[in-house]
Every structure is written in structure tokens, then in C-alpha cells.
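Visitor: Let's see this in three dimensions:
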Amino acid sequence: MMEEIIQAIKKTKTEIGNKEVECEWSDFLLSEILSIEDISGKELTSKTEKGNIPLIIAKQNNNGVGKFIKNGNKLYSGNKIVLVKTGDGGAGLSFYQKNDFYCTSTIMILKEAIKYNYNINSNIGLFLITQMKCYKNMFSHSNSINENKFYKLKINLPINNNQPDFEMMEKIIDNLKKQSKLDKIEKLKE
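Guide: Just a heads-up that it's a prediction; the model follows:
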């Protein structure tokens, strides 16, 4: 599904339902869209017990989940984007976390910036992390993301009246989800 999202987002014309919609795009500083909730993270003690709350680590897959634990140092609320600060192969990756989670010190927790009035939900979260995918090629274990580098990052977004168009972001992802379901139904018919 991620490749479908990337392809749809690259288009200046997007099909919403049966209608083709044209949208303008512009670059923004990432810090205008997302603000840092926590950059320090917390190292875990060796006494963490298995549980059902995800522990987000510097990982390339599985939405950043290293394991599920019962107790950690600080529990973060869901509907956040996490950005991997460092790690072999994981630096620069971002993941949307719908539910509450713990994380290690290799993770930067991002929330809505106050400049624009919006809330991160699953559609906006998926859209933003897809646009943030380019950061993976910018960072590495020896070139990690810090606060100064974060404030220089840019993100390309659809706009309406020169403002980020969060409604369009939601519609694009929603449309892709519907299309994916239709494709699955068509394959079942074959």
C-alpha cells in the first residue's frame, strides 16, 4: 500500500471518487507542520516485562515496533509521528503511531505544530510519513537527526490558499484505502 500512496501523492491531479481533482503543492518547513514533543527518549531498564504496549526503536520495519512491553519509563499518547534519529538503516524513517507507545532514546516524538489548526489522525499521519520518506536517504548512524537538523527539514504538501490542505491529504489516503479494498474484492472474484 505504501507504494500506491507514493504514486498517488506524486500526481498533481488526484482522483477522488470518480472525479479528477487538481491540487497545488508547496514546500513547508517540517517544524511548521510538526513540533517536537520529546527528543530525549528514555532508555529502558532490563526489568521490562512483556506486555501489549509497543516499544518503538530504531528499526526499519514493523512500524518501528521492537517488541511489546508492560512497563517503560515514559508512556506517550497515540496519534503521533515518530522519527528515527539514528541507527543502522533506520535513521530518517518515520512511522505513524495510532496507539499509546513507549520508545527508546533513538526516537524523536512529533505532534501537531500550533501554526495550523489540525489534528493528526491515521490518514494525515500516513500522508505525512509518506512525504517524510525522503529523509531516510539524508541520515545514517554517523549522521543522525538532532534538533538543529530537524528545524531545517522541508516537506512538500498540497495547498489551498497557500496553506497546507489537510482535507486533501485525508481525501487522498481515504481514496487509496477504498481503491485498495476494491482491488481486493476484484481479485476475489477472479
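Visitor: Strands of this structure, start to end?
Guide: 13-16, 19-22, 24-29, 34-38, 50-56, 65-69, 80-84, 94-97, 102-103, 107-112, 154-160, 163-164 (DSSP state E).
Visitor: how much space between residue 117 and residue 154?
Guide: 21 Å (Cβ to Cβ, to the nearest Å). (Each C-beta comes from the backbone N, C-alpha and C, glycine too.)
Visitor: Between these two, which is the more surrounded one?
Guide: A direct count of neighbours by other Cβ atoms under 10 Å for residue 117 and residue 154 places residue 154 higher, at 16 against 7.
Visitor: Quick check: closest non-adjacent residue to that one.
Guide: residue 27 (4.8 Å; Cβ to Cβ, 6 or more residues apart in numbering).
Visitor: still on that earlier bit, kindly reformat the strands of the chain as JSON lines and extend each row with mean pLDDT and distance to residue 129.
Guide: Shown next, in JSON lines, are these (pLDDT from 0 to 100; distance: least, Cβ to Cβ, whole Å):
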{"stretch": "strand 13-16", "mean pLDDT": "60", "distance to residue 129": "18"}
{"stretch": "strand 19-22", "mean pLDDT": "72", "distance to residue 129": "22"}
{"stretch": "strand 24-29", "mean pLDDT": "93", "distance to residue 129": "15"}
{"stretch": "strand 34-38", "mean pLDDT": "93", "distance to residue 129": "10"}
{"stretch": "strand 50-56", "mean pLDDT": "91", "distance to residue 129": "13"}
{"stretch": "strand 65-69", "mean pLDDT": "91", "distance to residue 129": "14"}
{"stretch": "strand 80-84", "mean pLDDT": "94", "distance to residue 129": "6"}
{"stretch": "strand 94-97", "mean pLDDT": "94", "distance to residue 129": "4"}
{"stretch": "strand 102-103", "mean pLDDT": "90", "distance to residue 129": "15"}
{"stretch": "strand 107-112", "mean pLDDT": "94", "distance to residue 129": "10"}
{"stretch": "strand 154-160", "mean pLDDT": "94", "distance to residue 129": "10"}
{"stretch": "strand 163-164", "mean pLDDT": "96", "distance to residue 129": "15"}
